[in-house]
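Undergrad: okay, structure incoming, though there's no sequence with it:
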């Protein structure tokens, strides 16, 4: 992992069109400004992970359980 | 075309029924083509089945059936990506995590599946609001009694 030290209002550039800027630092909270092309999705990591995890769980329904739902119709 | 499904064995689907997820689905980024399969006409649940592999297949539901006031804002980049022009293009579904007992099953309202029915383009859209979670109860107290 690349580790960089930045101050408030300093930024890092990723490739040609992604910029991440440190807006403010308050205790252990860092506010970041992210500029990226529209087709690049930016999410808080824990939210994205929660959705991946839920998808994995949802995809793991057993056929038995599925039949329960099917019979409920 | 013939596809192998998780729940319905080998079935025949029409090419034009295939729904394209250009970015895949979180956790399944390689799966870019799905079909929507119904158990029967007007059934409550449907299955979103990958056309390339038996897995994944997701049970999905119309979120408005159990949360009438469900709402979220679809951001502009997503509308552009999915080429959504009118409300009629739009089909919203929620992935269900089926649990035993069935009444404890939940639906992911934080990240609904957005489908442009006209263009057959779709994605799992992560809503910006924190109003809904990935695990919203489907069956209310009243309907729990019915299904018990």
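TA: Nice, I can see it. Because the structure is a prediction, the values reported are computed rather than measured. Residues are numbered from 1 along each chain as shown, chains lettered A, B, ... in the order given.
Undergrad: chain A: helices as residue ranges?
TA: Assigned by DSSP state H, the helices in chain A fall at A:45-59, A:63-72.
Undergrad: which one of the ones you listed lies nearest to chain B?
TA: Among those, helix A:45-59 comes nearest to chain B, with 3.7 Å by CB to the nearest CB. Any C-beta I mention is one placed from the backbone N, CA and C, and that applies to glycine too.
Undergrad: residues near the nearest residue to residue A:24 once chain neighbours are set aside, how many?
TA: Spatial nearest neighbour of residue A:24, excluding adjacent residues (CB to CB, 6 or more residues apart in numbering or on different chains): residue A:31 at 4.6 Å. Residues contacting residue A:31 under the criterion other CB atoms under 10 Å in any protein chain shown number 11.
Undergrad: try the one 10 residues further on
TA: Applying other CB under 10 Å, we find 15 other residues in the vicinity of residue A:41.
Undergrad: hang on, the earlier thing: my guess is the residue nearest to residue A:24 contacts residue A:20, does it?
TA: No. Contact criterion CB atoms under 8 Å: residue A:31 and residue A:20 do not qualify, at 11.3 Å.
Undergrad: which residues does the most centrally placed residue in chain B bridge with?
TA: Ranked by distance to the mean C-alpha position of chain B (CA atoms, centre = their mean), the top residue is residue B:93 at 3.9 Å. Assessed by DSSP bridges, residue B:93 has beta-bridge partners residue B:113.
Undergrad: next one, pLDDT for it please.
TA: Per-residue confidence at residue B:93 stands at 97 (pLDDT).
Undergrad: so how far is residue B:12 from it?
TA: Applying CB to CB, to the nearest Å, the value for residue B:93 to residue B:12 is 23 Å.
Undergrad: cool, and residue A:39?
TA: Taking CB to CB, one finds residue A:39 at 34 Å from residue B:12.
Undergrad: more crowded one of those two?
TA: residue A:39 (11 against 7).
Undergrad: is that one in contact with residue B:81, as I believe?
TA: Yes. With contact defined as CB under 8 Å, residue A:39 counts as touching residue B:81 (6.8 Å).
Undergrad: for residue B:25, what are phi and psi?
TA: Reported as degrees, to the nearest 10, the phi and psi values for residue B:25 are phi -130, psi 140.
Undergrad: quick one: residues contacting it.
TA: A:55, B:31, B:56, B:123-124 (CB atoms under 8 Å, 6 or more residues apart in numbering or on different chains).
Undergrad: which residues sit against the longest strand seen in chain A?
TA: The longest strand of chain A (DSSP state E) is strand A:18-26. The contact list for strand A:18-26 (CB under 8 Å, 6+ apart) reads A:6-14, A:30-37, A:40.
Undergrad: chain center to that strand, what's the gap?
TA: Mean C-alpha position of strand A:18-26 versus that of the full chain (CA atoms, centre = their mean, to the nearest Å) differs by 17 Å.
Undergrad: how about the residues of chain B near chain A?
TA: B:6-7, B:23, B:25-28, B:39-40, B:43-45, B:55-59, B:76-77, B:80-81, B:95-100, B:102, B:105, B:108, B:110-111, B:124, B:126, B:134-135, B:147 (CB under 8 Å from any CB of the partner chain).
Undergrad: quick one: low-confidence parts of the chain?
TA: Let's take chain A. Low-confidence segments of chain A (pLDDT under 70): A:72-73.
Undergrad: oops, wrong one, chain B.
TA: By pLDDT under 70, the weakly predicted segments of chain B are B:41-42, B:141-148.
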